[in-house]
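Chemist: Fold the following for me, if possible:
(2 chains)
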Amino acid sequence: MNDQTIYDRLFGKGGHELIFNGLFLQGTARVGGQNVAVIGTRDHAAIDGSIALQITEAILNVVREDVASRTSPRSIILIADTQGQALSRHEELLGLNGYFAHIVKCVDLARRNGHKLLTIINGEAVSGGFLSYGMMADCICALPDAQVRVMDLRAMSRVTKISLERLETLAKESPVFAPGAENFWRMGGIHEIWKEQDDWPQRISNALAHITKADARAEIGLERGGRHFAAPISKLVAEA
Amino acid sequence: MSGLQISFLEASARKRLIGLVDANSFTEFCPPEMRKTSPHLALLDIPLALDDGVIVGAATLAGHSILIAAQEGRFYGGAVGEVHGAKICGLLGKALTDRPSAVLLLVDSGGVRLHEANAGLIAISELVRSVLDVQAAGIPVFALVGGSCGAFGGMGIVTRLCDEVVMSEQGRLGLSGPEVIETVKGVEEFDSRDRALVWRVTGGKLRRAVGEATQLVDDLIPAFRSIAIKLTEKYQSQPLASIDLDSLLEKQAELVKRRARFERARDGLEIWQEVFSEPSCVPDMTVADFNRQLGVQA
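Modeler: Residues are numbered from 1 along each chain as shown, chains lettered A, B, ... in the order given. Below you'll find the model as predicted:
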């Protein structure tokens, strides 16, 4: 599906005004008759400092506009399509991690100012690029074809010196290291995976209606049987 | 005894932590005796650490109560797995109830532990949320970076969320490590074996000069201790300002300006030229001289 088809399906034909600027996109869409802000990346963007600053400028604008107009804070839909962070000496020299930390703070400011945050993964969601904004939402949803990973198994095999065959076999039983939205779902890292035949606008409305502000991913991962240790160990230390 | 002139870089995580806090004040949570090891590393039949590569607990620092975590860079590069991440998240959760004077993170980590990559990435995103919650409660969080693995990947992001980032010259901070960039983009993009270049791009002096680190100290445990005391006391007398729209708009402008100012820079030397009157002397400057000259010219 191309971009237009995806956004028509998500928000209905005529239900969105999105502006594409290179790998960055922003605009407004309607969900259940309400305006929501849409901010994100496309074409498997490698997130560099410039894209990071486009994302943060857009978020800060939404927060500022709603404060200024004294309207109730709009929901923000973050579209994640990223192959990860840009790999570049120039970007590292300037402190790309600092730019990503700035995204994180801007998303969190929006949350604390009352904006509901929903991520929709369209395409790819990979490591640092996903971490900096997509994973910061209150609710994280994946479209049916979404590819979610830290590293593919071949590269992982090279780095860990564990044979590819062994990793492939283990990946069948454990969600803990192998790529796949399903694995992240089982571990609580993705809240919902939407199906092709679902009514996507309805799923967006439902997801926004049920958003909770506290981070419950460790408990969700425990319930779904994909992450048995995070919740109890965190509790053990918190209550020590 | 914390007065010994011990290198922070060369010390183990446990030695750093004990040397940093007041003598006999440390209580460990989820200690090695509890054997909370990584079940995922066990499945791969590879060596385990009884603390899963991170020590967490409570202590005092010049009499102030603090919570503290120290990552062990010598255990799988201090990388974050499910148990490791949950221990730090739990510590930050405890900060919300205990309300210590500060939370100290002795970061020494390459980021996500690949053997349990999905769990590690989710754990780091939970850590990010937890740090922000602690800060929102008015409790300052400091990152201390001076270990052999530095602070990279998601831990590079966590480090930059902290209210203070203390580095030694030997400490390194970034997102993608030089080896990763070289492997994917080629040696001409980043030669990871050129140690001087690696330090000029990711090291403590560079980070302090571009504003990514707030303090540069000597590579000595007592130096880290005295700055940690100073910072803890600073936030006692001048409470943490909350992150608001104005402060983030200001940060936005600063980051935009930095990109324009160093539009083509690929080497720390190009930054020294903008910041110091004698750029060639920067690598050999003592920390005291560096801080003095940076203060004069900033």
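Chemist: Wondering if the longest helix seen in chain A reaches chain B at all.
Modeler: Identified as the longest helix of chain A according to DSSP state H is helix A:49-69. Yes - looking at helix A:49-69 against chain B by C-beta under 8 Å from any C-beta of the partner chain, the contacts come from A:G49, A:S50, A:L53, A:T56, A:E57, A:L60, A:V63, A:R64, A:V67. C-betas here are computed from N, CA, C, even on glycine.
Chemist: Need the residues that contact that helix.
Modeler: Helix A:49-69 is contacted by residues A:21-24, A:26, A:37, A:39-41, A:45, A:72-74, A:76, A:86, A:91, A:94, A:96, A:99-100, A:102-103, A:106-107, A:109-110, A:113, A:115, A:132-133, B:245, B:248-249, B:252, B:255-256, B:259 when judged by C-beta atoms under 8 Å, 6 or more residues apart in numbering or on different chains.
Chemist: Take these and keep only those in strands.
Modeler: A:N21, A:F24, A:Q26, A:A37, A:I39, A:G40, A:T41, A:A45, A:I76 (DSSP state E).
Chemist: so the last one touches A:L118, yeah?
Modeler: The reference is to A:I76. Yes - counting by C-beta atoms under 8 Å, A:I76 does reach A:L118; the two are 7.4 Å apart.
Chemist: and A:V148, what helix or strand is that in?
Modeler: Assessed by DSSP states H and E, A:V148 sits inside strand A:147-149.
Chemist: What's the local residue count around residue 94?
Modeler: The chain I'm using is chain A. A:L94 is flanked by 24 other residues according to other C-beta atoms under 10 Å in any protein chain shown.
Chemist: think we crossed wires, I meant chain B
Modeler: For B:K94, using other C-beta under 10 Å, the count is 23.
Chemist: coming back round to it: most surrounded residue in the residues of helix A:49-69 next to chain B?
Modeler: Highest neighbour count within these, by other C-beta under 10 Å: A:T56, with 28 neighbours.
Chemist: Just give the closest residue to that one, not the sequence neighbours.
Modeler: Nearest residue to A:T56, sequence neighbours excluded (C-beta to C-beta, 6 or more residues apart in numbering or on different chains): A:C106, at 4.5 Å.
Chemist: Which pLDDT does the model give that neighbour?
Modeler: pLDDT for A:C106: 98.
Chemist: what stretches of chain B score poorly on pLDDT?
Modeler: In the predicted model of chain B, residues B:1-4, B:296-298 satisfy pLDDT under 70.
Chemist: show me where it has helices.
Modeler: All helices of chain B, identified by DSSP H, fall at B:13-20, B:39-43, B:82-98, B:117-136, B:154-161, B:178-185, B:195-202, B:204-210, B:221-237, B:245-261, B:268-275, B:287-297.
Chemist: Please identify which of those is closest to chain A.
Modeler: Nearest to chain A, of all the helices of chain B, is helix B:82-98, at 2.7 Å by C-beta to the nearest C-beta.
Chemist: Now the buried members of the contacts of helix A:49-69.
Modeler: A:23-24, A:26, A:37, A:39-41, A:45, A:73-74, A:76, A:86, A:91, A:94, A:96, A:99-100, A:102-103, A:106-107, A:109-110, A:115, A:132-133, B:248-249, B:252, B:255, B:259 (16 or more other C-beta atoms under 10 Å in any protein chain shown).
Chemist: Lovely, talk soon.
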